[in-house]
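K.L.:
sequence below, structure please.
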Amino acid sequence: MIEYIKNISLFLIISIITNAICIWLDSTFIIDFLKSNLVIILIAMLAINTTTISVIMVKLRTLKDNYNLNFNKTTLSIKYSIYEQVYLIPISLLALTLQSSHIIQNKIPHSFFILNSLIICVFFYALHILYDTANAVFIIIYAEENS
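P.N.:
Numbers count the residues shown, from 1 in each chain. Predicted coordinates for the structure are as follows:
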């Protein structure tokens, strides 16, 4: 749990800095891009990760059967990874909806900055999950080569 809080905090800080730099540069590119594509990107990343995870799980099953290894923690971590990705989709939909709401913008000070930072954070966090899954593939490949 602490690892999740640490990751979320890190990506939130990076997103706030990224958003601040975009404002300083007077650039709306990142947020315009994410407003148009974030949900589609998240669904595509979920599909890619699910496929990749299925390959990883097959390999783990083979290792478990051949060497009587226990991958319960790994399996649980993979399950949570899928949950994280699924949760990012409604979070992004909510953030995008609130960000485009004139009522929210008028009633909550700095809501535009906060919600833009959250939208960027969701994207960075999803990239981190994708990286983590890809890293697992390399770990399995290297483990296979060294055995």
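
K.L.:
let me see the ranges of the helices in this structure.
P.N.:
Using DSSP state H, the helices of the chain run over residues 2-24, 29-67, 72-99, 102-107, 111-145.

K.L.:
out of these, deepest packed?
P.N.:
Most buried of the helices of the chain, by mean neighbour count (mean count of other CB atoms under 10 Å): helix 111-145, with a mean of 17. For the C-beta atoms, the positions are set from N, CA and C on the backbone; glycine is no exception.

K.L.:
show me what contacts the residue sitting nearest the centre point of the chain?
P.N.:
Centroid-nearest residue in the chain, with CA atoms, centre = their mean: Ala126, separated by 1.7 Å. For Ala126, the contacting residues are Ile41, Leu42, Met45, Gln85, Leu88, by CB atoms under 8 Å, 6 or more residues apart in numbering.

K.L.:
wait, which of those residues is closest to Phe71?
P.N.:
Gln85 (20.1 Å; CB to CB).

K.L.:
these two touch, right, that closest one and Met45?
P.N.:
Yes - proximity of Gln85 to Met45 meets the contact threshold set by CB atoms under 8 Å, at 6.7 Å.
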